[in-house]
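here is my input, please return the structure:
(chains A, B, C and D, ligands or ions: 5)
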Amino acid sequence: MNHGHTPLLSVSALSKRYPGVVALNGVDLTADAGEVHALVGANGAGKSTLMNLLSGAQSPSGGEIRIAGQSMQFAGPSAAQEQGIATVYQEFSLVPQLSVSRNIYLGREPKGALGLIDGRALRTQTIALLERFGLKLDPDAEVSTLSVAEQQLVEIARALSFEGRILILDEPTAVLSLAEQENLFAIIRQLRRDGMLILYVSHYLKEVLAIADQVTVLRDGEKIATRLTKGLTVDALVETMTGASGAFDKAAAPRTMRDEPPYLVSYQADTGTSTLTLAAGEIVGVAGLVGSGRTTFAKALTGNPLPTAIADIRRAGESFRFASPRAAMREGFVYITEDRKRDGIFTELDIVANATASALNRLGRGPLRDVRREKAAASDMLTRLRLVASSLGAPIGKLSGGNQQKVLIGRALLTEPRVLVCDEPTRGIDVGAKAEIHEILRDLAASGVAILVVSSETEELLALAHRIVVMHERCFVAEMPVEEADDMRILLAASGGAEVMEKNNGN
Amino acid sequence: MALARGCARLDLESTGVWLLLAGAVLAAAVTIPTFRDPANLVNVLRQSSVLGILAIGQTFVIAAGMLDLSIGMLTGLVVVLACWLLEADPSIAYTLAVAAMMILLGASVGLVNGTLVNRLKLHPLILTFGMLSILQGLIFTFTDRSVGSASPLLQSIANDSLWGIPLSTILLAVVLVLSHLAFTRTRFGYHLVAAGGNPESARRAGINVAAIRLACFVISGAFAGLAGLLLAGRLGTGYPLAGSGLELDAIVAVVLGGTALAGGRGSVVRSIAGVLALAIISNVLNLLGVSAFVQMFVKGLIVVVAILVNQPRRENP
Amino acid sequence: DQASDAAQTKKAAEMVDTSAFKKDGPYKIGVSAGYLANSWVVFALQHVRWEASKHADVTNVIVTDASFNPTKQISDIEDLLRQDIDLLIYWPVDDSAIASVLKRAVDAGVPTVQAGGGFSDTPGTVSNAYISQWTLGEMVARKLMADLGGKGKIIAMLPIAGTTAAVDQLDALQTVLKEFPDVELVSTEYGDWNRAKAKQITENLLQRFPKIDGVFSPAGQMSIGIAEAFDEAGRLGEVTMSPGDEYNGWLKWVAKHGQGGAVTFPTRAGQEAVKIGMAILKGEPVKRGVAVPSVYISPAEISKYADMEAPDDWWSSELPAEFLPKQ
Amino acid sequence: MSTLDLLRNEATTRFLARNAIFAVLLLVFCLAVAISDAFLQPLYIFNVVRQVAPVGIAAIGVTFVMILGGVDLSVGAVISLTSVFCAVQMGGDADNTAFALLAACAIGAAIGTVNGIAAAFTRVSPFILTLGTGIAVLGLTQIYSGGTARGIVAPGFREFFNFRIGGIVPVLALALAALTAVGLLIQHKTIFGRQLFLVGSNRRAANLSGLPTARVTVLAYALSGLFGAFAGIALLARSGVSNTLSGQGLEFQVLAAVVLGGTTFEGGRGGIAGTIAGVLVLVIAFNLVNISGLPYAMQLVVMGTIIILASAVYGQISARSG
Ligand SMILES: Nc1ncnc2c1ncn2[C@@H]1O[C@H](COP(=O)(O)OP(=O)(O)OP(=O)(O)O)[C@@H](O)[C@H]1O
Ligand SMILES: Nc1ncnc2c1ncn2[C@@H]1O[C@H](COP(=O)(O)OP(=O)(O)OP(=O)(O)O)[C@@H](O)[C@H]1O
Ligand SMILES: O[C@@H]1[C@H](O)[C@H](O)CO[C@H]1O
Ligand SMILES: [Mg+2]
Ligand SMILES: [Mg+2]
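Ligands and ions are numbered 1, 2, ... in the order given. Below you'll find the predicted structure:
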């Protein structure tokens, strides 16, 4: 919206070129104090690039940034910070070996006598900050020992500690629990009231419409439009993002019945034992709050047990307890990670290498590779998954998140799995790609694969699963056919308020 | 849970070297009477100060996520030059002047290392390995035999004691205290471990990572200069090969001290514990009259075992 | 140089009053080896053990190895003194580097005897069982000049740069060369007593110089590497090898090619050192230095020394079987 | 279409990055030829190749380990031990040759396996780990050899490896070529070879993808040890004797060569071809200095400079390709 006075932030004709890529192309944007301004767009649209330019992490190839009317050239992040711009980056931006407090005030440690750092002051400052914003963190804990969610909270606390004029949040909620998200939104509203400008990047469009005053849509590095969120619908927003009506059908595909007996899984966690069934041809969704233990279960099921996380699998007389992913794969149990960058992709290796990683033996002859067969298998699989890539020789690191995820799915499928376990299969992936991946999973189920989907996005589970189990404190506390499921029931069960419901074992 | 696990590891990591040290001392004290002889302990201290100073310098570099293989030959170069310069005029005044020069020389070699690492984006290991070779070449171009002699001042600092404590040990202690302060109480110290732990995060926090790296190399270079002066005093003469291999001993000591080569952690105090452990082990083996050949084997074994029991924790999440 | 060598011989003749060191047995002998990873010093050390075994009042021999590191040798000697040794036998990595710690030993009443290296005239060394690397170098040089007929281009292969051996041998050669203006020293190399290294260096020299008439190489183990290089380049014919030392591999080579000869480099220097040391402990006056003389062995008489059955890395000696290094 | 040529030049930069070392090699070689025509004489070239055989062979093994993201500093010690051991076992008798060679290889592989197990099942930094095992092995060698280069090589052993086929190509040079071929085969044609890159690129992902990361790790280090033994044998073949010091310090020449060849310490990149090129760059540079008559000391200076410059050039190019 255009105020009479000079807006706090105005960006004109801003561009960023990377060798080869035009990440951002002549983008104009104005946003004002006391405003929450959201940025949405497909993977690779340029959201993070824009944020990185504003936070001084990268310098523009063209265009101008004005803060309160003054033109800025940020030499580096510290320059931007001096202008009161604080950032929560999309990528992990902490030092794992250091404590929470040292991370929060990194670069701004309080000095005491003789210019020496005042450790006590550092600690008290941190405690004060955490209390003020209701963040539950141990100031002395080493970041490497925190969960993903807790680490994200540290990044947020760090940004808040600047008490600047502009707060940049690049996908802050991707790994946060509902409660933590609510707290964050409360904080954002507070800051807005205090006259701060919040730039908010997210793929969760509901969230965006709930929290933001205005939303700017980027596509292929260009600005498509800036809209008031008032009266804007998700579908309308999706349409502007994708340039086409991309809204995907929420109706779960009909379950294809099989006569094979189901797998009976009994999961022994530190908090007790609970069971779960998995049948060929059905998609089971696992809901739960962050930290409820879904990933740990998913990994235990696929050959990464902990002493306190063991999955026993029985089916028609046979019974397994996998000691390694390798062993699990032999029985057709395959896991697709929730953390692509860290546990998924082989960044500098090409697409073929990434896709065939798990299937080398079945594609080769004895100890020898069959390079031609690898190429063929990879390209067949990836065309089937509608992968968009220049050439299969390109390193996977250059692909967008969505396409990377497709390659990972391809890797799993090349092992011809019987049970496919997808952990947050669409985290950080734009709506277009998301719909495609859902389609792929449905087809797989139809072809007789048993699929377990762990997701923090209820809509996703409702759209995808035939049956939804809810995890709370590392046990399955509720189970419901999708027809009977809705946000409320799931949330209730997930937060421990599970009302007893007769189990529907899905057959 | 995860936190507990973390702390457990952290503990062993920081205490491992003390256990090793205590173990070595105890074993020695009970088995060998001569070990308890204060004069012997003084020996061990005196024998440790050169490596100690080098290890402290190396700790800065390693904590910052790098490595400096050039300090050994740099020490050697200083030994040769200092003795050569001091032969003409061993006066105290001139000694001090030369000392200043040598420390400056060391620092400037560090400056070159740091600049090249920053500018050419070279892997520190390969760069400093090249530098090692260059320095060795320079030494031999300068002389192929022992030259000059260390001034009385240098010799007495290296060999004499004050109230029964070797002067070189006192010097080491001063360096240690200052370095420990730098690590634990200054922004530089805070920022260098950050830069070592995750350079990109450090950069985003507004830390000038390049400057940090430069500084670390300068420090390790300057300390190599200082160590060279001590070594000159101890040898009394400019022996061309005096420094060869010291860089690896220093690295071993630092790692025994629980500083992972991955960077992001580091304690100069523990590095010194590592140095002492090594010195005592070799002293004990000598006192036990263990065959010279077996000594080498035992040392290798101890290094391996020590680092195996004292493993670095898992790195970045 | 020559003068200093003469001076050295004169000094060596001086007698030392050892009454200060007189003490009764049993005795503990400490040996500080500058390095042991070298067959010559291993044989020298075996001679030390052999001689010690002949003295009933010598209870044990403690050996430390500085493996070419003078700093460690200082520490080693300090540690040996801690163990109340009665006699210190040593060979240096570097003479001057250990001068002061040796002085401390002598001040502490522990006599010190240098074994096998060059004569060392410092207050820290009571006596020497020494081999004059200079005389050795001179003998080798003169023999080479004779074989060359006083003219031609030669190369010099020396041991580890900076060691007494390297320094004195080169100095001796240069002194001798003054008398032979028609002999040109085209290149001086350091082969570190390492046969492979000597060979590689020579291979390159062969590229650099279309003609090399003679090779000055007093250390046998390097002479072999050099000869191999010439041989493989098909140029063995053009070159005159200097005498080497009693390195068995070299002796075998001489026996095979009837060329070069050898200058003894007696490993019994170690034995001499113990004899001197025991005399000192008895308080008997001793010479500052006992030269263990090198003699020239012509190719003709080489077979008396060469042991065709023994390894290359072996030294001809009188050691009794039980004291020979394991083979 | 803009994306198309973007990809084209992206591909080219990647190509350049992969092959920077060969450019460097060409450069150094031309320089060599310019300074001395000796570098055009086959006899001399092969001499150079033969000189570098031990380092080159060891470097092949170490490359496997470094693709995996590890490093092997014990290789120098392994070279010493295996060559001494081999000579002693031969004991001057041709009948012992076969056993001596096999046993030496077994020892090398065994030491490598120990490194591998430690590297696979602990989180110890391989740099310090192999530095330690290296010291230990050096000690073993000293204990075993007692300081002398014990043993006598079997008659004909040296002669065989140094025999020049057609009066030009020494068998030792052929051996290096053959082992290079084997290395290339393992790298490109075997599943293990591909798994090396996968594990080196992202160990966690490799493990989750069901790769036998531990087995791959152990095997890689075992190969490094085995090739170390081959190198030890080559060294013995060249010199005819060997002692504790023979292999000392070689590990760093090897390291330099591998890194010059474009195999990074981070792993997941590089390969045998580059390594061999790196080896040749180093040896040519060394001989160049030698031929141009610079003193030994200067050789060291030039070596150091080349290592820095070459890897700088490499780094620049690969940096641009991301
Ligand atoms: N450092 C870089 N080097 C080269 N290309 C880059 C770099 N960073 C981003 N890009 C490219 O710029 C384009 C925009 O990337 P950006 O991260 O800004 O998109 P995004 O909207 O944040 O995507 P996502 O929703 O997945 O976070 C993409 O094509 C990306 O590949
Ligand atoms: N069975 C178990 N035994 C011990 N610790 C467990 C167990 N299950 C989970 N945890 C711990 O709880 C924390 C969160 O678990 P996990 O990551 O599996 O939850 P999640 O539901 O996947 O959360 P997210 O939404 O972040 O993926 C982890 O640190 C894990 O170590
Ligand atoms: O071992 C070396 C060489 O064998 C040389 O021949 C004489 O000096 C000894 O120290
Ligand atoms: Mg982004
Ligand atoms: Mg999870």
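
from here on, contacts and neighbour counts on C-alpha atoms
OK.

and for B:Val177, the neighbour number?
B:Val177 has 13 neighbours, counted by other C-alpha atoms under 10 Å in any protein chain shown.

show me the contacts for it.
For B:Val177, the contact set (C-alpha atoms under 8 Å, 6 or more residues apart in numbering or on different chains) is empty.

for it, phi and psi?
When read as degrees, to the nearest 10, the backbone of B:Val177 gives phi -60, psi -50.

and what of A:Gly62?
Note on A:Gly62: backbone dihedrals following degrees, to the nearest 10 are phi -170, psi 160.

which residue of the chain sits farthest from its center?
I'll assume chain A. The C-alpha centroid of chain A is most remote from A:Leu114, which lies 44.9 Å away (C-alpha atoms, centre = their mean).

try chain C instead
C:Pro210 (32.7 Å).

for C:Lys287, which residues are in contact?
Neighbour list for C:Lys287: C:Ala12, C:Ala13, C:Glu14, C:Met15, C:Val16, C:Ser127 [criterion: C-alpha under 8 Å, 6+ apart].

closest to chain A among those residues?
Nearest to chain A among the contacts of C:Lys287 is C:Ser127, at 58.6 Å by C-alpha to the nearest C-alpha.

pull the number of nearby residues for the closest one.
C:Ser127, neighbours per other C-alpha under 10 Å, totals 29.

B:Phe35 and B:Leu285 touch, don't they?
No. Between B:Phe35 and B:Leu285 there is no contact under C-alpha atoms under 8 Å: 10.8 Å.

partners of whichever strand or helix holds C:Asn128 in the sheet?
In the assignment (DSSP states H and E), C:Asn128 maps to strand C:127-130. Sheet pairing for strand C:127-130, assigned by DSSP bridges, gives strand C:112-115 (parallel), strand C:289-291 (parallel).

next one: that strand to chain centre, how far?
Taking C-alpha atoms, centre = their mean, to the nearest Å, the mean C-alpha location of strand C:127-130 is offset from the chain mean by 12 Å.

the residue lying closest to B:Leu125 once chain neighbours are set aside: what's it in contact with?
Distances taken as C-alpha to C-alpha, 6 or more residues apart in numbering or on different chains put B:Leu67 closest to B:Leu125, at 5.6 Å, once the chain neighbours are dropped. If you count contacts by C-alpha under 8 Å, 6+ apart, B:Leu67 has them with B:Gln58, B:Val61, B:Pro124, B:Leu125, B:Thr128, B:Leu261.

list the buried residues in whatever helix or strand B:Val112 lives in.
When elements are assigned from DSSP H and E, B:Val112 belongs to helix B:92-120. Going by neighbour count (16 or more other C-alpha atoms under 10 Å in any protein chain shown), the buried part of helix B:92-120 is B:95, B:98-99, B:102-118, B:120.

so A:Leu29 bridges to which residues?
Listed beta-bridge partners, A:Leu29: A:Val11 (assigned using DSSP bridges).

report pLDDT for it.
pLDDT for A:Leu29: 94.

isn't it up against A:His37?
No. With contact defined as C-alpha under 8 Å, A:Leu29 does not count as touching A:His37 (10.1 Å).

tell me which of these two has more neighbours.
Remark: of A:Leu29 and A:His37, A:His37 carries more neighbours, 26 against 16, as counted by other C-alpha under 10 Å.

the more buried one: what's it in contact with?
A:His37 sits next to A:Ala31, A:Leu197, A:Ile198, A:Leu199, A:Tyr200, A:Ala212, A:Asp213, A:Gln214, A:Val215, A:Thr216 when contact means C-alpha under 8 Å, 6+ apart.

and with 10 Å instead?
A:His37 is in contact with A:30-31, A:168, A:197-201, A:208, A:211-216, A:226-229, counting by C-alpha atoms under 10 Å, 6 or more residues apart in numbering or on different chains.

quick revisit: what's the closest of the contacts of B:Leu67 to ligand 1?
Ligand 1 lies nearest to B:Pro124 out of those, by C-alpha to the nearest ligand atom, at 23.4 Å.

can you tell me how far that closest one is from D:Ile57?
For B:Pro124, the distance to D:Ile57 (C-alpha to C-alpha, to the nearest Å) stands at 25 Å.

the two: who's more crowded?
Neighbours per residue (other C-alpha under 10 Å) separate B:Pro124 from D:Ile57, with D:Ile57 holding more: 29 against 21.

low-confidence ranges, chain C, go.
Flagging of chain C using pLDDT under 70 yields the residue ranges C:1-2, C:327.

would you map the strands across it?
Assigned by DSSP state E, the strands in chain C fall at C:15-16, C:27-33, C:58-65, C:87-91, C:112-115, C:127-130, C:152-158, C:183-190, C:214-216, C:240-241, C:262-263, C:286-287, C:289-291, C:296-297.

could you do the stretch 201-350 of chain A as well?
Using DSSP state E, counting those that start in this stretch, the strands of the stretch 201-350 of chain A run over A:214-219, A:222-228, A:263-269, A:272-278, A:283-288, A:309-315, A:318-320, A:333-336.

quick check: the residue of chain C nearest chain B.
Nearest residue of chain C to chain B: C:Gly162, at 3.5 Å (C-alpha to the nearest C-alpha).

ok, A:Ala31 - contacts?
A:Ala31 is in contact with A:1-3, A:6-11, A:37-38, A:197-199, A:214, counting by C-alpha under 10 Å, 6+ apart.

hmm, which two among those residues are most spread apart?
Largest separation among the contacts of A:Ala31 by C-alpha to C-alpha: A:Thr6 and A:Ala38, giving 19.9 Å.

more neighbours, these two?
Taking neighbours as other C-alpha under 10 Å, A:Thr6 and A:Ala38 compare with A:Ala38 leading, 28 against 16.

do you know how far the nearest residue to A:Leu106 once chain neighbours are set aside is from A:Ser161?
Distances taken as C-alpha to C-alpha, 6+ apart place B:Ala205 nearest to A:Leu106, at 6.2 Å, with adjacent residues excluded. The gap separating B:Ala205 from A:Ser161 is 12 Å, by C-alpha to C-alpha.

find residues that contact each of the two.
Between them, B:Ala205 and A:Ser161 share these contacting residues under C-alpha under 10 Å, 6+ apart: A:Ala86, A:Ile104, A:Tyr105.
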